[in-house]
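A.B. asks: A structural model of the following input is requested.
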Amino acid sequence: MRTLLHLKRLPWIAALVAAGTLPSLAQQPDDLQKQLEQLKQQYDATTRDLQQRIAALELEIQKEKEEKEKQKEASEKAKEGTVSAVELAAQQAAEKAVLGQSNDVGAKYQGQVSQEPEYDYLREADQKIADLQQQVQSFEFHGYFRSGYGLNSEGGQQVAFQAPGADAKYRLGNEAETYGEFILVNNWLNPEQNADKAWMKTEVMIEANTSNYASYANFPNGTGNDQFRLREAFVRAGHIFESQPDAKFWAGERYYRRQHIEIDDFYPLDMSGYGAGAEDVNVGIGKLAVAFLAGASPDIVTQNGNYAKSNIDVRLYDLKGPAGLWAAWFDFATAKGGTAQNGSILPAGTAFPTANGYAVGLRHQRLEWHGGYHAFSIQYGKGAASNFSTSLDNPGPYLAHSERLLIAEHLLFQANDRFAVMPIFIFQRKRDGLPGHGFSDWASFGARPEIFFNKYLSLAFEAGFDHTEGFVTTANGNTQFDGWLRKFTIAPQIGAGRKFFSRPVLRVFLTYANWSNGFRGLVGGIPFEDRTSGLTYGVQTETWW
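C.D. replies: Have a look, this model is predicted:
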């Protein structure tokens, strides 16, 4: 470094000589030596000043880079690809500011502050990065879909096997449609989702359901057409009160605290609908959720307007007790009576009374159980609340006499990464209250075991048994039934992991079902209407994110 400085001194000395700055050679050697030493000291001082300014600039840029790295570590992974181009520009600007035009460093920075145009650009680029990071953190995209295609053994399109009077069917290799839910979320407050700050977000969900008839289906009378629905549109906020940091408040249309059994896609409790409420309120022994939920029927019109049902839903949950967590549920429902008007599906002038009802439930769950979980629930409902949902049953003088008992248990067992199984059991007894109609019973049990050969390849089986007895509505009116249905599926899979819920997954399947003679003509549709067994096969993909 010192050798380089000595070499750099030569042009300075030559320039001074050429300009007549140095005295003539006739001057005394001592005077010349003294002036030369002064020039050396001035040069050294000027050089040190330049080096200090350059070092200060480098230190300031390094601080900016370190701050940017901290922001990057605190951000979500999704932002990395989005902001890479801007970060590259910022890095190039920094390199240019420090290293670019090295021959002009002294002239460029001597006597100037560290905020050169290049440094201003670096600050501007950092601000753009911060803005992009905030936008990425604000928006979320979630969803679910399943899609595929299958054939039945007669050569037509795949059909699903479901017992009459059963509220669900075993899913694996038994879904003949494409279905999706696409969720858009925007975080208006606290997009970083800091736990100690208030937050507010909006959520919108579009549901899509197609029957796999044709692309861009557009058939006469709407038969087989693709269906799109707005299933969620609500706002939720949290950490509003310091005394209740976990409490959340919401209003709009939403899926509300549903209970789900995976392998038959059954919801023992589904109060989804329109309304508002508060949830996760800490009450000491557990948490509390209270909601007002409602729905209306546009095809039943009375003098009061569209027929509607309102619910007050109260839940106490996360209660620590023997062998896990416990929860209790209560719902009060009322459906205003009236007289049917023109334009209703009921004959004009048909009168029906107001129907009230209530429902109660108890749930037990263990969230960490042999690599999975265990959940058990028992529910009873009467009158307008007997269907355990916000949907409306047909009004009439006997709706208040309807009732339902539902017992459901399911668990996931996965002690290692080679085997997992989900067994389930459901028993339901209900009646619609109509004279001459007794109880309809549905008993179901089944299991889906999965064997994992490696991280990506697995083999899934599913066996399910349903027994139903009671009344089912057909094109010919109410039909009494009593019988059973068995369904078996084998499905080799390519998945994203060695877990039961690892998704996405690609699968091929072969499904066989048979049923009792009492179900002849009620299972399998036209291809199997005169049979008591059926076979389907196909391909499917399923994922959520």
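
A.B. asks: F352: neighbour count?
C.D. replies: 21 (other Cβ atoms under 10 Å). For every residue, glycine as well, the C-beta is placed using N, CA and C.

A.B. asks: Kindly state the beta-bridge partners for it.
C.D. replies: G338 (DSSP bridges).

A.B. asks: Roughly how far does it sit from I300?
C.D. replies: 9 Å (Cβ to Cβ, to the nearest Å).

A.B. asks: got any residues that touch both of those two?
C.D. replies: 340, 346, 395 (Cβ atoms under 8 Å, 6 or more residues apart in numbering).

A.B. asks: which ones among those are found in strands?
C.D. replies: Using DSSP state E, no member of the shared contacts of F352 and I300 sits in strands.

A.B. asks: Just the buried subset of those, please.
C.D. replies: For the shared contacts of F352 and I300, a burial check counting by 16 or more other Cβ atoms under 10 Å picks out 340, 346, 395.

A.B. asks: In contact with the second one, which residues?
C.D. replies: Going by Cβ under 8 Å, 6+ apart, L346 touches 300, 340, 352, 395.

A.B. asks: pLDDT score for it?
C.D. replies: Looking at L346, its pLDDT stands at 89.

A.B. asks: ditto for H467
C.D. replies: Among the per-residue scores, H467 shows a pLDDT of 98.

A.B. asks: Now H410: closest residue in space that isn't a chain neighbour?
C.D. replies: Nearest non-adjacent residue to H410, counting by Cβ to Cβ, 6 or more residues apart in numbering: I424, 3.9 Å away.

A.B. asks: For the one you found, give me its contacts.
C.D. replies: 261, 263-264, 408-411, 444-447.

A.B. asks: Roughly how far does it sit from L412?
C.D. replies: 10 Å.

A.B. asks: sec struct for S386, please.
C.D. replies: For S386, the assignment made with DSSP: H, G, I helix; E, B strand; the rest coil gives coil.

A.B. asks: so how many other residues sit close to it?
C.D. replies: S386 - counted by other Cβ under 10 Å - has 28 other residues nearby.

A.B. asks: tell me the contacts of it?
C.D. replies: S386 touches 357, 359, 393, 402-404, 430, counting by Cβ under 8 Å, 6+ apart.

A.B. asks: just I426 next, same as before
C.D. replies: I426 neighbours (Cβ under 8 Å, 6+ apart): 168, 261, 264, 266, 268, 406-409, 442-445.

A.B. asks: Just the buried residues from those residues, in ChimeraX please.
C.D. replies: To isolate the buried members of the contacts of I426 in ChimeraX, using 16+ other Cβ under 10 Å:
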select :168,261,264,266,268,406,407,408,409,442,443,444
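
A.B. asks: Among the contacts of I426, name the ones in strands.
C.D. replies: When those are checked against strands (DSSP E), the matches are 261, 266, 268, 406-409, 442-445.

A.B. asks: okay if I get those as a markdown table plus pLDDT and distance to R231?
C.D. replies: Formatted as a markdown table, these follow (pLDDT from 0 to 100; distance: Cβ to Cβ, whole Å):
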| residue | pLDDT | distance to R231 |
| --- | --- | --- |
| I261 | 97 | 20 |
| F266 | 97 | 18 |
| P268 | 97 | 19 |
| L406 | 98 | 23 |
| I407 | 98 | 28 |
| A408 | 98 | 23 |
| E409 | 97 | 28 |
| W442 | 98 | 26 |
| A443 | 98 | 30 |
| S444 | 98 | 26 |
| F445 | 98 | 30 |
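
A.B. asks: what's the burial count for the closest residue to T178 other than its chain neighbours?
C.D. replies: Leaving aside its sequence neighbours, T178 sits nearest to S147 (Cβ to Cβ, 6+ apart; 4.1 Å). Using other Cβ under 10 Å, S147 has 17 neighbouring residues.

A.B. asks: And G372, by the same measure?
C.D. replies: 19.

A.B. asks: Am I right that it is in contact with L412?
C.D. replies: Yes - under the criterion of Cβ atoms under 8 Å, G372 makes contact with L412 at 3.0 Å.

A.B. asks: what touches both of these two?
C.D. replies: Common neighbours of G372 and L412 (Cβ under 8 Å, 6+ apart) are 420, 422, 500.

A.B. asks: where does F332 land on pLDDT?
C.D. replies: For F332, the model assigns a pLDDT of 98.

A.B. asks: Let me fix that, I meant to ask about A18.
C.D. replies: So A18 comes in at 43 (pLDDT).

A.B. asks: repeat for Q91
C.D. replies: Q91 is given a pLDDT of 52.

A.B. asks: show me where this protein has helices.
C.D. replies: For the chain, applying DSSP state H gives helices covering 2-18, 29-74, 79-98, 105-109, 117-138.

A.B. asks: These: lowest mean pLDDT?
C.D. replies: helix 105-109 (a mean of 37).

A.B. asks: before we move on, back to that, most neighbours of all the contacts of S386, which one?
C.D. replies: A359 (27 neighbours).

A.B. asks: which residues touch that residue?
C.D. replies: Shown in contact with A359 (Cβ under 8 Å, 6+ apart): 329-331, 333, 379-382, 385-386, 388.

A.B. asks: got a winner among the residues you listed for most neighbours?
C.D. replies: A385 (30 neighbours).

A.B. asks: Next one: it relative to L392, how far apart?
C.D. replies: Counting by Cβ to Cβ - A385 and L392 are separated by 11 Å.

A.B. asks: From the contacts of S386, which one has the minimum pLDDT?
C.D. replies: Ranking those by pLDDT, D393 lands last with 89.

A.B. asks: For the stretch 301-450 of the chain, which segments are assigned as strands?
C.D. replies: 305-321, 324-335, 338-339, 351-352, 355-369, 372-383, 403-412, 419-431, 440-452 (DSSP state E, counting those that start in this stretch).

A.B. asks: from the shared contacts of G372 and L412, which single one is nearest T543?
C.D. replies: Lowest distance from T543 to those (Cβ to Cβ) belongs to F500, with 14.5 Å.

A.B. asks: I'd say that closest one and P423 touch.
C.D. replies: No - with contact defined as Cβ under 8 Å, F500 does not reach P423; the gap is 12.0 Å.

A.B. asks: Compare those two (neighbour count), which wins?
C.D. replies: F500 (23 against 16).

A.B. asks: Quick check: the closest residue to the more buried one other than its chain neighbours vs N306, distance?
C.D. replies: Leaving aside its sequence neighbours, F500 sits nearest to A420 (Cβ to Cβ, 6+ apart; 4.0 Å). Between A420 and N306 the computed distance is 46 Å (Cβ to Cβ).

A.B. asks: Nearest approach to L57 belongs to which of the strands of the stretch 301-450 of the chain?
C.D. replies: The nearest among those, by Cβ to Cβ, is strand 355-369 at 54.8 Å.

A.B. asks: thinking again about what came up before, check whether the residue nearest to F500 really touches P449, as I assumed.
C.D. replies: Yes - checked against Cβ under 8 Å, the pair A420 and P449 is within contact range at 7.2 Å.
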